[in-house]
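J.: Whatever this is, show me its structure:
(2 chains)
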Number of protein chains: 2
Amino acid sequence: MPVKEVNGVNIDGLMQTVGAVKANPTIAKFRFQLKNQWIDGAHNRSTINQFHGAMQDFDRAQPFTLDADEAPILLGHDQGPNAGEYLLSALAACVTGTLVYHAAARGIEIEEIESTVAGDIDLRGFLGTDPSVRNGFQNIRMNFKIRAEVSDEQFEELAKLGTTFSPVLDSLTKGVQVTVQTQRMGAERVSSAA
Amino acid sequence: MPVKEVNGVNIDGLMQTVGAVKANPTIAKFRFQLKNQWIDGAHNRSTINQFHGAMQDFDRAQPFTLDADEAPILLGHDQGPNAGEYLLSALAACVTGTLVYHAAARGIEIEEIESTVAGDIDLRGFLGTDPSVRNGFQNIRMNFKIRAEVSDEQFEELAKLGTTFSPVLDSLTKGVQVTVQTQRMGAERVSSAA
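T.: Coordinates of the predicted model:
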């Protein structure tokens, strides 16, 4: 029997996942993780492979490496996107993927999705030259263009699916508690900050 | 005259940047951005190139492309990290780079930095099966190991620099306003959600 797909998403698999999670919520608990190694200056590298979910540990098909760096104007050497750009890419990927999955679950076929994401930041926060300026992004704007043969009413519904269910959008707009521990390499001593 | 670097950061350049920003705060206003294209299912691709800062538009040395996808257990085909993993990589890159720059500004030489980042998420939020469960990460944990020949007192100072000034950590812990507009491809009609 061929796999039934909508928007490239295996619908039977998606419905089975929803059923399994309703029967046993522990299946829904996932942990994503990475290792990062500083290389030089603004250049560092994250390696992504293992994750935990559905009560099992998994490896990705291959480890993914993500190099981060700054442009020369920010004293880097352009070896990769910077951290802010990675944050925006997380947001774009998440709202897009969420929209696609939830549309598939509703049987709504999508032909194309394109988006732009832009974020404003005032580096006086990062530089510490003005304590009244926040370190982070001041605001982020996303613009989506979607092609789908649906009624205007269904398009309105479709347009909200990504923002309603996206984990990264929720994390970023509502905030997440982040705990940070630091120790000397090879030592036991731990400093904590939150 | 050779460039004076600490931790791979051009210190004269960094001090000139701080001075220029103090003289004209508009120089500190940056805008980072990307385009994203949905490919199929959970697979989509962000392209990063232009940004605005220091009152100019810049291109990166080359456009960077970041493919996002899910693992098979989440109905993807492992073509790249997922959105949550991109979010964690943004955080790792930012806290690491921020620590390196601020240490350089203080003349503190760092030999090595390694970190792990892990985030817990309950996918009942994403799936919409339990409205009491948030969509986003429940919590994120970062563990840093740093090698530097400094006193314990200076190490305590060093350990706090990343968390004190990191733009992505600030964005994620305190939240950012994100506005989202959606329109039909080729149409004028706009749906808004925030």
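J.: Just the C-alphas of the helix ranked longest in chain A, formatted as PDB.
T.: Secondary structure of chain A per DSSP state H: the longest helix is helix A:83-105. The C-alpha trace of helix A:83-105 is given here as PDB (Å, rounded to 0.1, in the frame of the first residue of the first chain):
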ATOM      1  CA  ALA A  83      24.000  33.700  16.000                       C
ATOM      2  CA  GLY A  84      21.200  36.100  15.300                       C
ATOM      3  CA  GLU A  85      20.800  34.800  11.800                       C
ATOM      4  CA  TYR A  86      20.600  31.200  13.200                       C
ATOM      5  CA  LEU A  87      17.900  32.400  15.500                       C
ATOM      6  CA  LEU A  88      15.900  33.800  12.600                       C
ATOM      7  CA  SER A  89      16.500  30.600  10.600                       C
ATOM      8  CA  ALA A  90      15.100  28.600  13.600                       C
ATOM      9  CA  LEU A  91      12.000  30.700  13.500                       C
ATOM     10  CA  ALA A  92      11.500  30.500   9.700                       C
ATOM     11  CA  ALA A  93      12.000  26.800   9.700                       C
ATOM     12  CA  CYS A  94       9.600  26.200  12.600                       C
ATOM     13  CA  VAL A  95       6.700  28.400  11.500                       C
ATOM     14  CA  THR A  96       7.000  26.900   7.900                       C
ATOM     15  CA  GLY A  97       7.200  23.300   9.000                       C
ATOM     16  CA  THR A  98       4.400  23.700  11.600                       C
ATOM     17  CA  LEU A  99       2.200  25.200   9.000                       C
ATOM     18  CA  VAL A 100       2.900  22.400   6.600                       C
ATOM     19  CA  TYR A 101       2.200  19.600   9.200                       C
ATOM     20  CA  HIS A 102      -1.000  21.100  10.500                       C
ATOM     21  CA  ALA A 103      -2.300  21.800   7.000                       C
ATOM     22  CA  ALA A 104      -1.500  18.200   6.100                       C
ATOM     23  CA  ALA A 105      -3.400  17.000   9.200                       C
END
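J.: Can it be said to contact chain B?
T.: Yes - Helix A:83-105 reaches chain B (C-beta under 8 Å from any C-beta of the partner chain) through A:83-98, A:100-102. C-beta: built from backbone N, CA, C; applies to glycine.
J.: so how far is that helix from its chain's centroid?
T.: Offset of helix A:83-105 from its chain centre (C-alpha atoms, centre = their mean, to the nearest Å): 6 Å.
J.: same thing with stretch A:77-92?
T.: Distance, centroid of stretch A:77-92 to centroid of chain: 11 Å (C-alpha atoms, centre = their mean).
J.: what about that stretch, average pLDDT?
T.: For stretch A:77-92, mean pLDDT rounds to 98.
J.: in it, what's buried?
T.: A:78-92 (16 or more other C-beta atoms under 10 Å in any protein chain shown).
J.: Give me the local confidence score for the closest residue to A:Val6 other than its chain neighbours.
T.: Excluding the flanking residues, the one nearest A:Val6 by C-beta to C-beta, 6 or more residues apart in numbering or on different chains is A:Ala104, at 4.1 Å. On the pLDDT scale, A:Ala104 is placed at 97.
J.: A:Ala104: how many residues sit nearby?
T.: 22 (other C-beta atoms under 10 Å in any protein chain shown).
J.: now A:Pro63
T.: 13.
J.: Next, the contact list for the closest residue to it other than its chain neighbours, please.
T.: Spatial nearest neighbour of A:Pro63, chain neighbours left out: A:Asn49 (4.1 Å); criterion: C-beta to C-beta, 6+ apart. A:Asn49 makes contacts with A:Asp59, A:Arg60, A:Pro63, A:Phe64, as judged by C-beta atoms under 8 Å, 6 or more residues apart in numbering or on different chains.
J.: quick one: which of those residues sit in helices?
T.: Short answer: the contacts of A:Asn49 have none in helices (DSSP H).
J.: Could I get the full set of strands for chain A?
T.: For chain A, the strands defined by DSSP state E cover A:5-6, A:9-10, A:29-40, A:43-53, A:56-68, A:112-122, A:137-147, A:178-184, A:190-193.
J.: Of those, which is nearest B:Lys145?
T.: strand A:178-184 (5.8 Å; C-beta to C-beta).
J.: re the thing from before, looking at the buried residues of stretch A:77-92, which one is closest to B:Ala71?
T.: Closest approach between the buried residues of stretch A:77-92 and B:Ala71, by C-beta to C-beta: A:Ala90, at 16.3 Å.
J.: rewinding a little: now tabulate the contacts of A:Asn49 in TSV and tack on pLDDT.
T.: Below are the contacts of A:Asn49 laid out as TSV (pLDDT from 0 to 100):
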residue	pLDDT
A:Asp59	97
A:Arg60	96
A:Pro63	98
A:Phe64	98
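J.: Can you turn the buried subset of those residues into a selection I can paste into PyMOL?
T.: The following PyMOL line selects those of those that are buried, judged by 16+ other C-beta under 10 Å:
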select buried, chain A and resi 60+64
